[in-house]
Structures are given as C-alpha cells and as structure tokens.
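Novice: Okay, predicted coordinates and the sequence, questions at the end:
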Amino acid sequence: MSSDLKKELTPEELAAIERKYDPELAFRPTGKMMAAVIATILVSMSAYHFYASGFGLVREVLHRGLHISFVLGLVFLLFSYKKSTSLDLPKATWYRISGVSILDVIFSIASVAAALYLPLLPPEILADRVGNPSEIDILMGTILLVLTLEATRRSVGPTLPIIGLIFIAFALFGPYAPGALKHGGTSWLGLINHLYLTNQGIYGVAIGVMAQYVFLFILFGVLATRIGLGQLFIDLAMVIAGRYSGGPAKVAIFSSAFMGTISGSSIANTVTTGALTIPAMKKVGYPPHFAGAVEATSSTGGQITPPILGAAAFIMVEYLEIPLKDVLTAALFPALLHYFGIFIMVHLEAKKLGLRGLRAEELPKAALVIKQHWLSIIPLGILVYFILDGRTPDFAAVYGIIACVVVGFLNPVNRLSIKDLWDSLAVGAKNTLAVGAAAATVGIVVGVVTLTGVGFRLGYVVVQTATDMGAVIGDIWPLNFFSVEQWALFVSLILIALACIIMGAGIPTTATYIILVAVAAPALAQLNVQPLVSHFFVFYYGVLADITPPVALAAYAAAGIAGANPFKTGNTAFRLGIAKALVPFVFVYSPALLIVVDGFTWYSFFVTLVGAMLGIATLGTAFAGYLFTHMSMAQRWWFALVSFLFIAPGLVTMAIGLVLLAPMIFLQLRQRKLA
C-alpha cells in the first residue's frame with residue numbers, strides 16, 4: 001500500500017482524540033499495582049459473564065446485581081472525579097493508592113456492597129421486604145442511588161445524571177407539578193422501595209439486557225477486531241470502492257458499514273476507520289471538513305447496522321417480546337438507505353470537484369486480502385447463523401466468542417496469544433462500563449415513569465399539543481387538504497424527533513432510546529403507530545444526535561483527525577446524514593419498509609423502498625448542488641421540494657415527482673452539453 005495512505009496521526013494522538021470526545025473512554029492513568037488489580041477484575045468480569053450467559057444458572061436478580069457491582073466498582077477505580085485528558089500519573093500523595101484516591105476506593109467498595117446486598121438476601125426474605133423496607137434497606141438503596149448517579153456522571157457526563165435527579169424530584173414533589181403532570185407524589189421510603197427493591201428500577205430491564213446480552217456482544221466485537229476482522233473490512237472496502245471517483249470517501253462508507261456489524265460505537269468507529277480514510281480523502285482533494293463529515297456520518301451508521309445495533313436491538317427484544325432476527329430484519333433496509341444517501345452525496349461531491357480514485361498501487365490486492373484474513377469472517381458468520389436460526393442472542397454471542405478465540409489461536413495472521421486474550425477480555429469489559437452505568441441511571445428514570453405514570457401523561461400532553469397545532473394548520477389553504485388527525489401525527493413526529501435529538505446531546509444512544517421510548521411510545525400508541533415502528537423512530541433520532549450540532553461528538557472527533565472546524569464538520573455531517581432524518585418518517589407512514597410489521601405486503605415494501613431511494617437521491621442532489629453540472633439555487637430548491645413527493649409512499653406521488661423532475665433533468669443535460 002502506498003505511503004500516501006498511512007496514518008497522519010500517531011496511535012497516541014488518536015487515543016487522545018477518543019478521550020477528548022468520548023467520555024466513555026476517558027480512563028484515568030494508574031500505577032502498575034492498581035493497573036494489575038483493575039485488569040484482574042476486568043478479566044474476571046468478562047469470564048463471569050461468559051460463564052453465566054453460556055453455561056451458568058444464576059438467579060436473575062443476582063446476575064443483575066453482580067453486573068452492577070462490577071460496573072460501579074470499576075468505574076470509581078477507572079474514572080476520576082474530574083475528567084482529564086492527561087495520561088500522566090498524578091503526583092504521589094498520602095491519600096492516593098497507585099494513582100487512585102482513597103475516597104474513590106471507598107466509593108468502589110461501598111457501591112459493590114450496596115449492589116450485592118439486595119441480591120444476596122434469601123429470596124423469601126427479599127419478597128417480604130418489598131413494600132416494607134427495613135432501615136438497612138433504605139440505607140443501602142440510598143447509597144446505591146447516589147453512587148449510581150455519580151458513576152454515570154464520571155463515565156458518561158453530567159447530562160444523564162441531571163435528568164435522573166429531575167425525575168427523582170418529580171417523583172417526590174408530584175403534587176406541585178403543573179397541569180397534567182401533577183400526581184400524588186411519593187416519599188423517600190416509597191421511592192427507594194420502588195427503585196431498589198423491585199425489578200422496575202435500577203435492577204430493571206435496562207441493566208438486565210446489559211448483563212445478559214450487550215456485554216457479550218461488546219466483547220465479541222473487541223475479539224473479532226483483534227483477530228483481524230476490522231482490517232478485513234477496511235481492506236475489502238478499498239478493493240470494492242477505492243478505484244472510483246473520490247474513492248477514499250466511498251471506502252469510508254463501505255468500511256464503516258462493515259465495521260458497524262461488529263461495533264455499536266459511533267466515536268470508536270470514527271477513529272478506527274477515520275485514521276485511514278480521512279487523510280486519504282484529504283489527499284485526493286476533499287476539503288478537511290467534508291472528509292471528517294463523511295467519516296462521522298458513515299460511522300454513526302454502525303449503531304443502526306445489524307447484527308449489533310449498539311445495545312438497542314436487545315432492548316427492543318425485551319420490550320417488544322419479539323425474536324432478535326425480527327428486529328435485525330426490520331433494521332436492514334433503513335440502514336441501507338442511510339448509507340445510500342451518504343453514497344449519493346459523496347459521489348456527486350467527487351464529480352463536482354473532479355476528484356480521482358485511488359491508484360492501483362495504492363490499493364490492496366483482493367486475493368491477498370482474502371488469503372490473509374478469510375478466517376476472521378468465520379466468527380461473524382457463526383454469530384449471524386445462530387441468530388437467524390432463532391437461537392437466543394446470548395447463545396449466539398457465546399459461540400461467536402468461542403469461534404473468535406479458536407480462529408485467533410489457529411490463524412497464522414493476527415495470531416492470538418494468551419496475553420492478547422487477557423488484554424482483549426480486559427478491554428471488552430472496560431468498554432462496557434460507561435454503558436452499564438448509564439443503564440443503571442436509566443433504570444432510575446424508567447422506575448419513576450412506572451411509579452408515577454408520567455409516560456402516559458407526557459404522551460397525552462404531546463398528542464394534545466400536536467392536535468391543537470394540527471387544527472390551526474388545517475385551517476390554512478391549501479394545507480387543509482390534509483385532515484387534523486394527519487397533521488396531529490406529523491406534528492407529533494416532529495416534536496418527538498426534536499426531543500430525541502436534544503436528549504441525545506451528550507447521552508449514550510441506548511440511554512436516550514430507553515428514556516424516550518418510555519415517554520414517546522405512549523404518545524405514538526395514541527396515534528395508532530405500531531410499537532416496532534415507534535421504537536425504531538425514537539432510536540433513529542437518538543442516533544442522529546451524534547452528528548447534530550451543537551453536541552455532535554462523532555463529527556467533532558472526525559474534525560480532530562481532519563484538522564477541520566468542528567462546527568462546520570458537524571453541519572456537513574448532518575447534511576450528509578439527512579437520509580437518517582427522513583427514513584423514520586418514511587417507515588411511520590409506510591411501515592412495510594420494516595418488513596416484520598402488521599399488514600406487510602411486498603408491493604407496499606417495493607413501492608416504499610423505490611420511493612425512498614428516489615427521494616433520498618433527489619434531496620442529496622439538491623444538497624450537493626450538482627447532477628450533471630453545477631445547479632442554480634432555483635434548481636436546488638426545485639429538487640428539494642420534489643423529493644418529498646417520492647418519500648410520501650405511493651405510485652401516484654412518485655409519478656408526479658418524476659414528471660416534475662423531467663424538465664430539470666433535461667435542463668441539466670443541456671447545460672452540460674453547452675459547457
């Protein structure tokens with residue numbers, strides 16, 4: 001491979017970018033003694049989860065309690081009170097043990113004790129305590145509640161804990177809440193009883209899914225990358241797309257799509273593939289902000305790409321009580337539309353700038369790539385096979401992990417040593433800490449929702465507000481062509497989409513998804529939107545926050561690699577990801593795009609898919625300002641407005657759209673001929 005494509009940033013610089021923009025990876029430096037202790041605990045965490053999910057029979061509440069104890073105990077050892085990007089060990093003092101303050105060690109021990117106190121109680125005693133907690137129950141519950149919020153603040157950031165505190169205050173001071181949000185309130189005893197002693201709070205569905213499924217899939221992703229699957233994806237993307245106009249940008253799209261199958265982290269994907277693709281994009285002529293935006297937008301697609309979907313797929317399985325293969329089937333075509341939208345704009349930008357593809361000497365040889373790395377695809381194949389065969393997600397993940405280890409030991413390329421396995425088990429566990437702490441805090445929020453019924457109250461407020469606005473809009477000609485109910489649905493979707501984007505600013509996607517589902521799903525249910533559709537709608541807009549300014553973390557990480565203006569990169573990333581903003585509206589109005597929905601027909605599916613592709617391509621053309629030649633502002637607005645006719649599912653609207661586009665396409669061809 002040419003030296004032109006080598007990384008411009010060192011691994012240390014890339015790690016610094018990850019630490020700066022991803023609070024989940026801002027681990028504190030520790031001394032050798034503490035590092036060894038932490039590594040041993042991390043490996044033990046991985047070994048326990050592998051055993052419990054694959055071969056053990058652990059009581060549900062004990063399994064969740066052990067998971068929380070590992071997560072909180074390690075967070076206080078690995079994340080300092082105040083975030084720092086420095087990798088230098090703090091100055092030795094009497095109150096620090098190998099770089100970790102004594103207070104943090106106390107917090108770590110206290111959180112483990114509080115998390116395990118409840119699960120270790122005999123089941124018959126625990127059953128008697130629910131509804132009638134003892135003083136020690138209240139004390140332990142209070143300790144766990146406070147330390148969960150603090151652990152989440154350290155590992156995720158302040159936004160989610162603040163939301164948790166707001167919900168706690170809402171539960172305690174319900175009689176003083178305004179309007180429809182007013183409720184009878186609860187005491188501290190009642191709050192701790194619900195959040196600590198039942199499975200409706202901290203020990204609820206969110207932490208259960210993390211312990212049972214998500215941990216294993218994150219560990220699988222780490223091991224699969226270590227044995228060479230990530231490199232295979234990047235090399236294959238270069239073979240497939242590198243030679244064409246603007247090749248490195250198309251490599252970024254394909255490699256990020258492939259990487260998305262084993263990773264659910266937008267920022268990690270951005271740094272992993274962006275280290276290669278962003279410098280290459282700049283070298284062939286893409287502006288730095290555009291190069292960063294392409295990588296960021298492509299990498300956020302990892303969270304909507306089967307089979308992992310971050311952690312959201314497994315939450316959907318629990319909430320909707322449907323097989324994982326149905327969730328993955330539903331996710332497939334919306335994800336493809338996302339990448340299709342990016343590809344269209346990247347291709348048109350390359351044509352507009354007259355950019356070249358990669359030269360033959362800059363590309364890896366397909367035969368050599370397959371020869372060196374073909375074994376690394378086996379674990380992913382096994383994982384997908386078991387999922388499609390109807391096995392449980394944890395069963396599939398366990399055998400995928402076993403396959404990774406076997407392939408790693410046998411493969412002469414990227415051979416796995418015992419030390420590599422130890423390090424991978426530690427890294428896998430470490431990568432789950434922030435999402436685990438966030439899940440525990442989300443349990444607090446969801447617990448308050450179930451305790452107070454605020455989800456249905458907020459749903460009522462959203463629907464009523466949307467209905468009132470729809471009535472006003474419906475009185476305006478020609479907008480009165482649509483009914484008040486149709487406008488109410490449209491306005492509700494807009495309000496919920498905005499709420500998801502705002503909530504997603506600085507909060508992990510999975511946490512945003514769980515909270516918004518608890519609040520937004522009741523509103524969409526009142527508007528007769530199918531549950532699977534409402535879950536995907538909320539999830540997609542939560543993911544969009546990663547590339548939506550002012551807190552577009554993935555875009556800012558890409559800007560750090562590209563040396564570009566972060567805000568300009570974020571704006572460009574949002575434009576490139578416009579398909580992700582449009583597709584949820586498509587599948588709300590035509591659920592057939594998700595396939596596994598009530599009333600599905602192949603006719604509706606193909607009409608919707610073709611219409612969505614035409615609409616995304618037309619809108620992408622408008623944003624690029626180029627089709628066959630440069631477009632005037634009037635032409636761009638024309639294309640943008642016509643695109644909505646394609647997105648509205650139906651042969652009639654598609655036909656009207658094509659008729660309206662025809663003269664503009666003819667004009668573009670004529671302008672190119674005269675140029």
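Specialist: In hand now; what should we look at? Numbering: from 1, shown residues only.
Novice: Can you list the residue ranges for helices in the stretch 1-150 of the chain?
Specialist: 11-21, 32-54, 60-78, 102-117, 123-129, 135-155 (DSSP state H, counting those that start in this stretch).
Novice: just checking, what packs against the longest one?
Specialist: Under the contact definition 3 or more CB pairs under 8 Å, 6 or more residues apart in numbering; DSSP states H and E, helix 32-54 sits against helix 60-78, helix 215-226, helix 393-410, helix 418-430. Heads up, the C-betas are built off the backbone N, CA and C, glycines and all.
Novice: closest to residue 630 out of those helices?
Specialist: For the helices and strands packed on helix 32-54, the distance to residue 630 is smallest for helix 215-226, at 41.7 Å, taking CB to CB.
Novice: show me the contacts for the residue lying closest to residue 288 once chain neighbours are set aside.
Specialist: Counting by CB to CB, 6 or more residues apart in numbering, residue 288 lies nearest to residue 564, which is 3.8 Å off, once chain neighbours are set aside. Taking CB atoms under 8 Å, 6 or more residues apart in numbering as the criterion, residue 564 is in contact with 287-289, 291-292, 558.
Novice: thinking again about what came up before, can you say which of the helices of the stretch 1-150 of the chain is packed in most?
Specialist: Among the helices of the stretch 1-150 of the chain, the stretch with the highest mean neighbour count (mean count of other CB atoms under 10 Å) is helix 60-78, at a mean of 24.
Novice: Check which helices and strands that helix sits against.
Specialist: Checked by 3+ CB pairs under 8 Å, 6+ apart, helix 60-78 has helix 32-54, helix 102-117, helix 135-155, helix 205-209, helix 418-430, helix 433-452 packed alongside it.
Novice: State the distance from the nearest residue to residue 229 once chain neighbours are set aside to residue 647.
Specialist: In this structure, residue 229 finds its nearest non-sequential neighbour in residue 376, 4.3 Å apart by CB to CB, 6+ apart. Remark: distance between residue 376 and residue 647 (CB to CB, to the nearest Å) = 39 Å.
Novice: for residue 356, same thing?
Specialist: Residue 356 is 33 Å from residue 647, where distance means CB to CB.
Novice: what does residue 159 give?
Specialist: From residue 159 to residue 647 the distance is 32 Å (CB to CB).
Novice: Okay, now the unreliable bits of the stretch 301-450 of the chain?
Specialist: Along the stretch 301-450 of the chain, segments meeting pLDDT under 70 span 310.
Novice: Quick check: which element contains residue 268?
Specialist: Assigned by DSSP states H and E, residue 268 belongs to helix 266-284.
Novice: What helices and strands are in contact with that helix?
Specialist: Right, helix 266-284 is packed against helix 11-21, helix 229-241, helix 247-259, helix 288-300, helix 553-562 by 3+ CB pairs under 8 Å, 6+ apart.
Novice: Local confidence estimate at residue 18?
Specialist: The model reports residue 18 with a pLDDT of 69.
Novice: right, and residue 41 touches residue 76 too?
Specialist: No: under the criterion of CB atoms under 8 Å, residue 41 is not in contact with residue 76, lying 11.7 Å apart.
Novice: neighbours of the residue lying closest to residue 219 once chain neighbours are set aside, just the number please.
Specialist: Excluding the flanking residues, the one nearest residue 219 by CB to CB, 6+ apart is residue 428, at 3.6 Å. By the criterion of other CB atoms under 10 Å, residue 428 has 26 neighbours.
Novice: residues in contact with residue 428?
Specialist: Counting by CB under 8 Å, 6+ apart, residue 428 makes contact with 46, 215, 218-219, 221-223.
Novice: cool, and residue 611?
Specialist: The contact partners of residue 611, by CB under 8 Å, 6+ apart, come to 586, 646-650, 653-654.
Novice: out of these, who's nearest residue 169?
Specialist: Of all the contacts of residue 611, residue 169 sits closest to residue 586, with 38.4 Å by CB to CB.
Novice: The closest one reaches residue 592, doesn't it?
Specialist: No: in this structure, residue 586 is not within contact of residue 592 by CB under 8 Å, at 9.9 Å.
Novice: quick one, which of the two is more surrounded?
Specialist: A direct count of neighbours by other CB under 10 Å for residue 586 and residue 592 places residue 586 higher, at 26 against 21.
Novice: can you tell me the helix or strand for the residue nearest to the more buried one when sequence neighbours are not counted?
Specialist: Counting by CB to CB, 6+ apart, residue 612 is the residue found nearest to residue 586 once chain neighbours are left out, at 5.0 Å. In the assignment (DSSP H and E), residue 612 maps to helix 602-624.
Novice: neighbours of residue 200, just the number please.
Specialist: By other CB under 10 Å, the residues close to residue 200 number 17.
Novice: Mind pulling the model confidence for the residue lying closest to residue 173 once chain neighbours are set aside?
Specialist: Leaving out its chain neighbours, the residue that sits closest to residue 173 by CB to CB, 6+ apart is residue 185, at 6.2 Å. Looking at residue 185, its pLDDT is 88.
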